[in-house]
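*Asks:* Need a 3D model of the following:
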Amino acid sequence: MKTYQQKYGAPPGSLIYVGPKQHVSSKITCISFNENEILEASYSDFESCNASLLKNHINWINIEGVDNVKLIDAIGIAYKLHPLTLEDILHLEQRPKCEDYEHYLMATLKMLRYTSTIESEQVTLILLQNTIITFQQPDNGDAFEVIRNRLKAAKGRVRKMGADYLFYALMDAIVDWYFHVIEALADRIAKIEEKIMEEQEHKDLMELYRIKRELIFLRKQVWPLRDMISALNREPHALIAESSTLYFRDLLDHSTRIIDSVESQRDLIAGLMDVHLSSNSNRMNEVMKTLTILSSVFIPVTFIAGVYGMNFKDMPGLYKPYGYAIIWGLMLVIMGGLLFYFKRKKWF
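*Replies:* Model prediction:
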């Protein structure tokens, strides 16, 4: 929230970076390709990158590190991007969405990774005529690496089709990482399920709560993602060729499958939590039943011991030679009779 306070009172379209502090300078890379060749280069400034773009090629400009406001502003001026688009690029707390502008299409997504928890990175894609610009945070994992490898190896359709297909391929690479996250969470849930069936521990319940929070976070990312892709399918942009709409429908199917998987995992978590709580409740009931039976057995024995422990001289059988043995025999008979009765009733 401290980073967002800088925007309080600022007019819409103000270029203010909102996000975690980045300790590395922005990195600019450009890949220009067509069906026959591919060229890749890194640049220290945007002007050099923009001057090197090739005609009759698809140009993919990737900006890694979006805290450089001057760089984002320069890109906006060069490609006539709306100030609200630039504001969204600099604000790293956006929800997944798609904005349709006159000469370009903007999509904002969350790239997810899973280590011990879910980590998210905001990615913004700008689709222009024969040009794609992507903005991402500098980090260890990069879902786009698989697309770079496909471009270099000339695998699939990405080298043969236009910028709209590359736009789809980049979005598809991000969505595919959601499946990795769900699989990792499913493995964690399966391990906890095995432990719960064998033994119930308090830390298992805490782990279930942690996974539940991660699933809620994942759900918040996936629902707007599906809405965004659905909007692209309902109202395709002029920059998206009709031949590419089939792939965006496939992307919509992927997002729907992710939502179904998230909901299934949430239901499984809820069921495991119920099983855990029910098992603990049943175990507590068993303990209480055992204690109740023991108390019931010893109540009459305690009563007899209490009666004969009173300080009266004239008590029946107090001075008889076998009085002590008789009392012990009576108590043992009562205890045995009660245990037999409880066993007959199948109370233990």
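
*Asks:* mind listing the helices for the stretch 51-200 of the chain?
*Replies:* Taking DSSP state H, counting those that start in this stretch as the test, the helices found in the stretch 51-200 of the chain are 69-79, 83-90, 145-153, 163-198.

*Asks:* which one of those helices lies closest to Ser243?
*Replies:* Among the helices of the stretch 51-200 of the chain, helix 163-198 comes nearest to Ser243, with 8.3 Å by Cβ to Cβ. In short, each C-beta sits where N, CA and C put it, glycine included.

*Asks:* Can you name the secondary structure element that comes next after the closest one?
*Replies:* Under the assignment DSSP states H and E, the closest C-terminal helix or strand after helix 163-198 is helix 202-234.

*Asks:* related to what we said a few turns ago, export the helices of the stretch 51-200 of the chain to JSON lines and tack on mean neighbour count, distance to Ile31 and mean pLDDT?
*Replies:* JSON lines is the format used below for those (neighbours: other Cβ atoms under 10 Å; distance: least, Cβ to Cβ, whole Å; pLDDT from 0 to 100):
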{"stretch": "helix 69-79", "mean neighbour count": "16", "distance to Ile31": "16", "mean pLDDT": "93"}
{"stretch": "helix 83-90", "mean neighbour count": "20", "distance to Ile31": "20", "mean pLDDT": "92"}
{"stretch": "helix 145-153", "mean neighbour count": "15", "distance to Ile31": "6", "mean pLDDT": "88"}
{"stretch": "helix 163-198", "mean neighbour count": "18", "distance to Ile31": "9", "mean pLDDT": "86"}
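
*Asks:* Could you save the ones you listed as a markdown table and add columns showing distance to Met310?
*Replies:* Below are the helices of the stretch 51-200 of the chain laid out as a markdown table (distance: least, Cβ to Cβ, whole Å):
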| stretch | distance to Met310 |
| --- | --- |
| helix 69-79 | 92 |
| helix 83-90 | 87 |
| helix 145-153 | 88 |
| helix 163-198 | 52 |
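
*Asks:* of those, which approaches Trp60 most closely?
*Replies:* When the helices of the stretch 51-200 of the chain are compared for distance to Trp60 using Cβ to Cβ, the nearest one is helix 163-198, at 6.3 Å.

*Asks:* What is the least confident helix or strand in the protein?
*Replies:* When each helix and strand of the chain is scored by mean pLDDT, DSSP states H and E, helix 202-234 comes last, with a mean of 81.

*Asks:* Show me what counts as buried in that one.
*Replies:* Judged by neighbour count using 16 or more other Cβ atoms under 10 Å, the buried positions of helix 202-234 are 204-205, 207-208, 211-212, 214-215, 218, 221-226, 228-230, 232.

*Asks:* hang on, the earlier thing: out of the helices of the stretch 51-200 of the chain, which comes closest to Ile259?
*Replies:* For Ile259, the closest of the helices of the stretch 51-200 of the chain is helix 163-198, at 9.7 Å, according to Cβ to Cβ.

*Asks:* Counting by contacts, list what that closest one packs against.
*Replies:* For helix 163-198, the packing partners by 3 or more Cβ pairs under 8 Å, 6 or more residues apart in numbering; DSSP states H and E come out as strand 58-64, strand 105-114, strand 118-128, strand 131-136, helix 145-153, helix 202-234, helix 245-308.

*Asks:* Spatially nearest residue to Leu208 (excluding sequence neighbours)?
*Replies:* Among residues not flanking Leu208 along the chain, Met273 sits closest, at 5.4 Å (Cβ to Cβ, 6 or more residues apart in numbering).

*Asks:* Wait, that neighbour touches Met206, no?
*Replies:* No - contact between Met273 and Met206 fails when scored by Cβ atoms under 8 Å: they sit 11.0 Å apart.

*Asks:* still on that earlier bit, what separation do you get for the residue nearest to Leu208 and Glu207?
*Replies:* Distance from Met273 to Glu207, counting by Cβ to Cβ, to the nearest Å: 11 Å.

*Asks:* Near the nearest residue to Phe179 once chain neighbours are set aside, how many residues? Count them for me, please.
*Replies:* Here the nearest residue to Phe179 in space, its sequence neighbours aside, is Ile258; by Cβ to Cβ, 6+ apart that works out to 6.8 Å. Ile258 has 23 neighbours, counted by other Cβ atoms under 10 Å.

*Asks:* Next: the one 4 residues further on.
*Replies:* Val262 is flanked by 21 other residues according to other Cβ under 10 Å.

*Asks:* Can you give me the distance of it to Ala184?
*Replies:* Taking Cβ to Cβ, one finds Val262 at 13 Å from Ala184.

*Asks:* One more: Val175?
*Replies:* Going from Val175 to Ala184 by Cβ to Cβ gives 16 Å.
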